[in-house]
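Novice: pasting the structure only:
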């Protein structure tokens, strides 16, 4: 006899095994969400004023609370759907649509109907009921979809992105804590993560690691798998990359039978296997989601910086992915462009450019092949970062063959890049280099694209636009004598959170065209809509970036002056290169509450100052 509990268990297991499960709220029959509870308060399938109790309720509290999934189950396929859809108590489809009708008063709802108590007999219907509408759309798939595929049905691109972004950050935080609890160093965490993700492309390794007797056996199998993968990909400087990965053999995790985890001994081989299994089941599947430009290793590395203040000292500040995407628009990237990053880090800019150009190539497979093979150039001086960049590109299908481990200022590296005829350069120079040296990276990039009259977009510390020392002024003078400063954009103060303390601006140059007599467009993008959330980093929680970006790019592309947003001004090398120096305040947007907030903050500031002076006076008296 059909058993509805079996149907429910199959559905429950399907969602719980999804790699995005950790980013949803999965509830059964009732919800702690007040809005959901109110919608279901009078939604009983039997009628009357009793509460409705769907089998499963899925919401997205960390990303967007305007979307949800509701699931209704029945035991046998004969109870799947009535001809009239008006018997919610007796049929799965009828019940799912019944609940969606009530919930659509507050939410965009995916309604899922499931019937059948075996995998072979399972029948699924999927529907979309948009908020406030009376009509319902039937989705074409007649099967249980992944969480991500259900989210795609809502057709909100930013929501899709946020879901993955929050999910991978949560997993990065979890892994960081696991590594930290075993005293694994920050650089080795990156090596382990990128190496394991590469090795998981190797079938021999996937079969070998679960049955390995020791962590040493796993490490040797891991290195053999990495080398096979890299050789098959024909990467440049294989020995350099393997040199980084061989460092794994020196880790206590590999050399010792047990390691300390939270001050307690734990089996090394067990911890190693669990880490690989976690990446295989929870992280690796995310690589296969449709948005190939998603910089997973970069997001991992950003989270690792949270635990390594010394990394900031070394200038390792990775560019957020929505900014790397913005660079493609600022440069008006075309399908034929050749993109160069002289200090490519983990490859975030190259990944964004690859994704953009592959999209522009459409169905032209020959063009796509050329993008991957010839149109993505990178240089990275640090062997570990070079290794992560190559791995990052490989996990997206290509681009690694034109990344060099070297110094972009040396003649041999420059000659190789020059022969590839780059037309666009994107860069985020190391911030420990000082303002003049950051601008020298920009100067080197402009020199590389100059024969093609190319474009350069760079994100640098704001001090590069303000600082007046002789060395910085000399570099800026040289930049303007040979190139046009097309735009400078002031970026959010907390853009690089959790690194913190890095205030930046984006500079856009047209190479090989002197700046004299030209006005620069200064943009003010201090508010990109992103907010900080604990253990999730900086995210577009309220889905504001799309609108902000569109409005900003319209002004940029038309070189418009918009109050509170942009201004045009001709500058010299000794002037300040920032919007704040020339833009007038848009007083139409200043409200009474803004004034009150400033006055409150000022009052607090003054009171703290008075209190501090009082304490210092008491200390003086004691002395």
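Specialist: Good, I have the coordinates. As the structure is a computational prediction, the values presented were derived from the model and not from experiment.
Novice: now residue 320, nearest residue through space, not along the chain?
Specialist: If the residues on either side of it in the chain are set aside, residue 320 comes closest to residue 495, at 6.4 Å by Cβ to Cβ, 6 or more residues apart in numbering. Placement of C-beta: from N, CA and C, glycine included.
Novice: check contacts around the one you found.
Specialist: Residue 495 makes contact with 320, 323, 502, 504, 528, 538 under the criterion Cβ atoms under 8 Å, 6 or more residues apart in numbering.
Novice: repeat the analysis, applying 10 Å as the threshold.
Specialist: Shown in contact with residue 495 (Cβ atoms under 10 Å, 6 or more residues apart in numbering): 317, 319-320, 322-323, 459, 502-504, 525-526, 528, 530, 538.
Novice: give me the mean pLDDT for the helix or strand hosting residue 449.
Specialist: Here residue 449, judged by DSSP states H and E, is contained in helix 435-449. Helix 435-449 carries an average pLDDT of 97.
Novice: now swap in stretch 132-150 and tell me
Specialist: The average pLDDT for stretch 132-150 rounds to 91.
Novice: now swap in stretch 475-487 and tell me
Specialist: Stretch 475-487 comes out at a mean pLDDT of 97.
Novice: now do it: distance to the chain's middle.
Specialist: Mean-position distance between stretch 475-487 and its chain equals 32 Å (Cα atoms, centre = their mean, to the nearest Å).
Novice: re the thing from before, helices or strands up against the helix holding residue 449?
Specialist: strand 339-341, strand 376-380, helix 411-419, strand 424-427, strand 455-461, helix 463-466, helix 470-482, strand 504-510 (3 or more Cβ pairs under 10 Å, 6 or more residues apart in numbering; DSSP states H and E).
Novice: pLDDT below threshold where in the protein?
Specialist: 1, 63-64, 287-317, 397-401, 498-500, 535-536, 585-599, 601-623 (pLDDT under 70).
Novice: how is it divided into domains?
Specialist: 4-155, 159-288, 318-428, 458-582, 591-623 (automatic domain parsing).
Novice: quick one: closest of those to residue 444.
Specialist: domain 318-428 (5.7 Å; Cβ to Cβ).
Novice: quick check: end-to-end length of the closest one?
Specialist: Separation of the first and last residues of domain 318-428 by Cα to Cα, to the nearest Å is 8 Å.
Novice: next one: stretch 20-34
Specialist: Stretch 20-34: ends 24 Å apart by Cα to Cα.
Novice: centre of the chain versus that stretch, how much separation?
Specialist: Here the centre of stretch 20-34 is set off from its chain's centre by 24 Å, with Cα atoms, centre = their mean.
Novice: oh, and call the first residue 11 from now on, that's how I've got it
Specialist: From this message on, residue numbering opens at 11, which makes the last subject stretch 30-44.
Novice: flag every buried residue along it.
Specialist: 30, 33, 34, 35, 36, 41, 43 (16 or more other Cβ atoms under 10 Å).
Novice: closest to residue 446 out of those residues?
Specialist: The closest of the buried residues of stretch 30-44, once distances to residue 446 are taken by Cβ to Cβ, is residue 33, at 43.4 Å.
Novice: in what helix or strand does the closest residue in space to that closest one that isn't next to it in sequence lie?
Specialist: Of all residues not flanking residue 33 in the chain, residue 177 sits nearest, at 4.1 Å (Cβ to Cβ, 6+ apart). Here residue 177 is covered by helix 167-191, with elements defined by DSSP H and E.
Novice: does that helix pack against any helices or strands, and if so which?
Specialist: The helices and strands touching helix 167-191, judged by 3+ Cβ pairs under 10 Å, 6+ apart, are helix 157-162, helix 196-209, strand 268-271, helix 278-288, helix 306-315, helix 331-340, strand 547-549, helix 555-567.
Novice: mind running it again at 6 Å?
Specialist: Here helix 167-191 touches helix 306-315, strand 547-549, going by 3 or more Cβ pairs under 6 Å, 6 or more residues apart in numbering; DSSP states H and E.
Novice: count the neighbours of the residue nearest to residue 202 when sequence neighbours are not counted for me.
Specialist: In space, and not counting its chain neighbours, residue 202 is closest to residue 258: 6.6 Å by Cβ to Cβ, 6+ apart. Look at residue 258: counted by other Cβ atoms under 10 Å, it has 21 neighbours.
Novice: was I right to think residue 258 contacts residue 228?
Specialist: No: between residue 258 and residue 228 there is no contact under Cβ atoms under 6 Å: 9.6 Å.
Novice: hmm, back to that, how close does the residue nearest to residue 202 sit to residue 412?
Specialist: 26 Å (Cβ to Cβ, to the nearest Å).
Novice: nearest to residue 87 among the buried residues of stretch 30-44?
Specialist: residue 36 (24.8 Å).
Novice: so the closest one lies in a helix, does it not?
Specialist: No: using DSSP: H, G, I helix; E, B strand; the rest coil, the assignment for residue 36 is strand, not a helix.
Novice: how close does residue 525 get to residue 469?
Specialist: Residue 525 is 20 Å from residue 469, by Cβ to Cβ.
Novice: and these two? which has more neighbours close in?
Specialist: Applying other Cβ under 10 Å to residue 525 and residue 469 shows that residue 469 carries more neighbours, namely 27 against 21.
Novice: distance of the more buried one from residue 62?
Specialist: 51 Å.
Novice: tally of neighbours for residue 584?
Specialist: Quick note: residue 584 (other Cβ under 10 Å) scores 9 neighbours.
Novice: what is the neighbour count of the closest residue to it other than its chain neighbours?
Specialist: Nearest non-adjacent residue to residue 584, counting by Cβ to Cβ, 6+ apart: residue 483, 5.9 Å away. If you count neighbours by other Cβ under 10 Å, residue 483 ends up with 16.
Novice: do the one 4 residues further on as well
Specialist: Counted with other Cβ under 10 Å, the neighbours of residue 487 add up to 12.
Novice: does it touch residue 584 like I think?
Specialist: No: in this structure residue 487 lies outside contact range of residue 584 using Cβ under 6 Å: 8.1 Å.
Novice: quick revisit: of the buried residues of stretch 30-44, which is the nearest to residue 240?
Specialist: residue 30 (29.4 Å).
Novice: what's the separation between the closest one and residue 399?
Specialist: 26 Å.
Novice: go on, residue 328?
Specialist: 11 Å.
Novice: neighbour count for the two, which is higher?
Specialist: residue 399 (29 against 21).
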